[in-house]
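1. got a structure for you, letters missing:
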């Protein structure tokens, strides 16, 4: 059961080194003291890293850099060959429910040095 409408996006900065493999895990929980895990059934997920003017610099989708490790943990991954850019960017991680509802789960700065 999805808890639509009660998500408050977490603001989390992410950092990477240009030319290095990028890999990190993000854990989600909602409610008092994290008592509710994110309902992922029937949902799709996408994280986009954007630059000036909203130009997409990197994209993480299920099976292409975004992997669910459990009902509350995802892994983001990009090989070194895809991490050749440098700069300060923004990102959003969005969940699209089966009914088309879109929830922004995380957002923040993505700095690649």
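-> Perfect, I can see it now. Since we're looking at a predicted model, the values are computed, not measured. Numbering: from 1, shown residues only.
2. what's the per-residue pLDDT of the most centrally placed residue in the chain here?
-> With the centre of the chain defined as its mean C-alpha position, the nearest residue by Cα atoms, centre = their mean is residue 93, 3.5 Å away. With respect to pLDDT, residue 93 scores 92.
3. now the strands: where do they sit in the chain?
-> Using DSSP state E, the strands of the chain run over residues 10-11, 14-16, 22-27, 44-50, 56-62, 65-70, 73-78, 87-96, 102-112.
4. list the contacts of the second one.
-> Right, strand 14-16. With Cβ atoms under 8 Å, 6 or more residues apart in numbering as the contact definition, strand 14-16 has outside contacts at 22, 24, 83, 91, 108, 109, 110, 111, 112, 113. Yep, even glycine has a C-beta here, placed from its N, CA and C like the rest.
5. drop anything exposed from these.
-> Neighbour-count burial within the contacts of strand 14-16 applies to 22, 83, 91, 108, 110, 112; the criterion is 16 or more other Cβ atoms under 10 Å.
6. the residues you listed: which two are farthest apart?
-> Every pair in these was compared (Cβ to Cβ); the two farthest apart turn out to be 83 and 108, at 17.7 Å.
7. just for the protein, where's the confidence low?
-> With pLDDT under 70 as the threshold, the chain has low-confidence stretches at 1-9, 29-39.
8. let's see that with 80 instead.
-> Scanning the chain for pLDDT under 80 picks out the ranges 1-10, 28-41, 70-72.
9. coming back round to it: beta partners for the residue nearest to the centre of the chain?
-> Judged by DSSP bridges, the bridge partners of residue 93 are residue 47, residue 106.
10. from residue 42, how far out is it?
-> In this structure, residue 93 lies at 17 Å from residue 42, with Cβ to Cβ, to the nearest Å as the measure.
11. dihedrals phi and psi, residue 13?
-> Backbone torsions of residue 13, given as degrees, to the nearest 10, read phi -80, psi 140.
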